[in-house]
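**Student:** Turn this into a model:
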Amino acid sequence: MSAPSEQAPVPGPSGEAPLSKKAQNKLKKEQEKAAKKAQFKKADAASSSLGSSSGSGEAEAVSGDNFGDLPLNQSQTPFGARKFVEIADLAKHQDQEVLLHARLHNSRGKGNLVFLVLRQRTHTLQGVLSKSDLISKPMLKYASLIPRESMVEVTGTVRATPAPVEGTTQPNYELHISKLFVASKALPSLPLLLEDAGRPVEAIEKQDKEVAEIEAKIGALKIGEANYEEELQRLTSAKSAAMKFPVVGLDVRLDNRVLDLRVPAHQAIFTIQSGVCQLFREFLIGERFTEIHTPKIQGGASEGGAQVFKLDYFKEKAFLAQSPQLFKQMAVCGDIDRVFEIGPVFRAENANTHRHLCEFVGLDVEMAFHDHYHEALDVLDRMFIAIFEGLETRFAHELKMVSLQYPFEPFKYHKPSLRLKFPEGIAMLRAAGVEIGDLDDFSTPQEKLLGKLVKEKYNTDFYILDRYPADVRPFYTMPCPDDNRYTNSYDMFVRGEEIVSGSQRIHDPELLVKRAAAKGIDVSTIQFYIDAFKYGAPPHAGCGVGLERIVMLYLDLHNIRKSSLFPRDPHRLLP
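**Tutor:** Numbers count the residues shown, from 1 in each chain. This next block holds a predicted model:
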């Protein structure tokens with residue numbers, strides 16, 4: 001075996017004697033430094049054309065070893081080859097180099113510094129680039145011109161901050177960036193800015209009030225009065241000054257829902273909505289319920305009446321389900337004695353209100369009982385308490401994020417929940433001066449007033465009203481045994497508005513036929529349903545809950561479209 005060859009000596013300049021090892025290392029460093037300077041000079045020259053587009057967010061594809069635009073992700077990087085971290089977990093990585101994906105929330109340059117706010121859903125972090133041997137001037141310029149909402153891939157070291165960083169959810173840490181790449185670039189001009197869409201409602205209301213007061217003064221001016229022109233000009237200028245920021249209307253939000261959903265408060269709303277479903281499912285499974293899935297195309301109108309979407313079903317007429325009610329009961333008759341479902345519900349109501357949708361998510365429950373329908377009511381009562389407690393403990397961060405934009409009072413409830421009979425509700429309204437009959441249903445204003453009266457008297461935002469009049473309930477609702485003007489039915493209310501409608505169901509086929517005919521329902525269209533009770537049926541009760549409505553009312557959002565991912569109402573079918 002031959003001996004390893006020695007490294008050839010490096011000749012000195014102009015044929016002088018070979019350089020020493022120390023001199024060789026020095027020369028190597030100088031050459032690397034010169035190469036790096038040449039690279040920076042080349043990139044700087046390439047980026048000089050960016051000056052004219054400063055502020056437009058349209059940076060050319062200038063790049064270096066540690067910055068630039070990434071190629072299209074076609075899953076060319078092997079699975080598991082790199083480890084990414086979450087902004088929410090950065091405290092675990094202090095003084096460590098990390099890699100993360102985020103959106104560029106905003107950026108600002110200051111001398112040889114560029115500050116980026118990086119966002120992952122509801123969590124934000126400040127990133128810092130500082131000019132150095134590693135961070136070149138072209139890299140700083142590139143960073144400052146990345147359009148907002150672009151997806152970026154960032155490498156950096158997590159450092160504790162000497163003072164809290166305002167406006168981020170991670171105020172005690174910042175990321176000292178060493179590499180910055182754009183993975184997906186947003187358009188430089190957006191239909192709405194997140195800082196406008198995420199502005200607290202209190203600031204908007206304050207601006208609206210100031211503008212309205214000035215407009216009232218302008219309207220009160222009379223042509224021909226002394227100093228009319230001067231006063232008009234002064235008030236017009238004052239109005240312009242008062243309009244400090246644009247207000248993003250609900251239609252603009254919904255037309256650009258993909259952007260609007262990125263607002264941290266809106267991210268939190270739908271995390272909370274998911275949490276309601278999770279808590280609903282967890283509780284019921286723990287109570288021995290079975291989750292079922294019922295058809296949404298039906299051969300008959302499940303609730304009767306005209307509030308139903310019709311469609312052609314081959315050569316027959318069909319309807320979109322107004323409720324899974326009939327199928328829930330059939331499942332119970334099939335000895336699946338405790339069932340629940342989370343699924344879409346369709347209502348062809350031309351109702352343009354703050355709380356109605358044409359399609360919403362229904363949380364439905366049905367169960368057999370032994371003696372009294374209050375057995376089911378007790379389960380439902382405990383279920384809602386479990387949901388409220390779960391939201392408080394598991395989703396505290398999301399509740400805080402929502403409250404920063406949409407402030408709301410802490411939700412109050414009793415354990416067990418307050419229960420009133422329908423006549424007690426009527427008596428409270430009459431005592432407050434409302435004229436209402438014994439068997440009249442509540443109008444929306446009366447419902448809200450009753451909620452206010454209950455809150456004042458009992459200090460609760462959640463209560464149950466039991467034994468509703470028969471005339472205001474569906475055909476399948478069981479009459480009360482002691483007074484057939486009333487039924488074994490109940491509603492539940494959050495912040496003065498109904499979220500639940502439920503009852504004991506009629507499980508006798510003859511009584512079902514009688515009640516359906518009285519409600520004007522063609523019995524032949526629900527014969528399959530009536531037949532289900534001819535083979536022995538247990539007494540049973542349940543309810544239906546509107547998911548979007550309970551989230552809207554719990555968070556006091558005032559409009560159900562804010563708690564619907566892509567709302568469907570009489571005027572909105574897109575996106």
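**Student:** In which helix or strand does Ser240 reside?
**Tutor:** If you go by DSSP states H and E, Ser240 is part of helix 228-242.
**Student:** Check which helices and strands that helix sits against.
**Tutor:** When contacts are defined as 3 or more CB pairs under 8 Å, 6 or more residues apart in numbering; DSSP states H and E, helix 228-242 sits against helix 201-220. Any C-beta I mention is one placed from the backbone N, CA and C, and that applies to glycine too.
**Student:** Okay, angle between the helix it packs on and helix 228-242 too, please.
**Tutor:** Between the axis of helix 201-220 and that of helix 228-242 there is an angle of 170 degrees, by axes from the mean of the first three to the mean of the last three CA atoms, to 10 degrees.
**Student:** Show me what helix 201-220 is packed up against.
**Tutor:** Helix 201-220 sits against helix 228-242, with contacts defined as 3+ CB pairs under 8 Å, 6+ apart.
**Student:** which residues are in contact with the helix it packs on?
**Tutor:** Surrounding helix 228-242, the residues in contact under the criterion CB atoms under 8 Å, 6 or more residues apart in numbering are 207, 210-211, 214-215, 217-218, 221-222, 225.
**Student:** Give the rounded mean pLDDT of stretch 397-412.
**Tutor:** Taken as a whole, stretch 397-412 has an average pLDDT of 96.
**Student:** how far out from the middle of the chain is that stretch?
**Tutor:** Centroid separation between stretch 397-412 and its chain, computed with CA atoms, centre = their mean, to the nearest Å, is 13 Å.
**Student:** cool, stretch 172-180 as well?
**Tutor:** For stretch 172-180, the distance to the chain centre is 28 Å (CA atoms, centre = their mean).
**Student:** What ranges does the stretch 51-200 of the chain have for its helices?
**Tutor:** Secondary structure of the stretch 51-200 of the chain, counting by DSSP state H, counting those that start in this stretch: helices at 137-144, 194-197.
**Student:** Following element in sequence after the helix holding Ser240, please.
**Tutor:** Past helix 228-242, further along toward the C-terminus, the next helix or strand under DSSP H and E is helix 250-255.
**Student:** can you tell me the average pLDDT over that next one?
**Tutor:** This predicted structure assigns helix 250-255 an average pLDDT of 96.
**Student:** Repeat that for stretch 534-547.
**Tutor:** Per-residue pLDDT values over stretch 534-547 give a mean of 96.
**Student:** repeat for stretch 142-159
**Tutor:** In this model, stretch 142-159 has an average pLDDT of 97.
**Student:** Now do that stretch: distance from first to last residue.
**Tutor:** Its start and end residues considered, stretch 142-159 measures 23 Å (CA to CA, to the nearest Å).
**Student:** Go through it and flag the buried ones.
**Tutor:** Neighbour-count burial for stretch 142-159 flags 142-156, 158 (criterion: 16 or more other CB atoms under 10 Å).
**Student:** out of those residues, who's nearest Val523?
**Tutor:** Of all those, the one with the least separation from Val523 (CB to CB) is Glu149, at 56.6 Å.
**Student:** give the contact list for the closest one.
**Tutor:** 103-104, 186, 190, 194, 259, 262.
**Student:** Between which two of those residues is the distance greatest?
**Tutor:** By the measure CB to CB, these have their two most distant members at Leu104 and Leu259, which lie 13.7 Å apart.
**Student:** between the two, who's got more neighbours?
**Tutor:** For Leu104 and Leu259, the more surrounded residue by other CB atoms under 10 Å is Leu104, and the numbers stand at 24 against 20.
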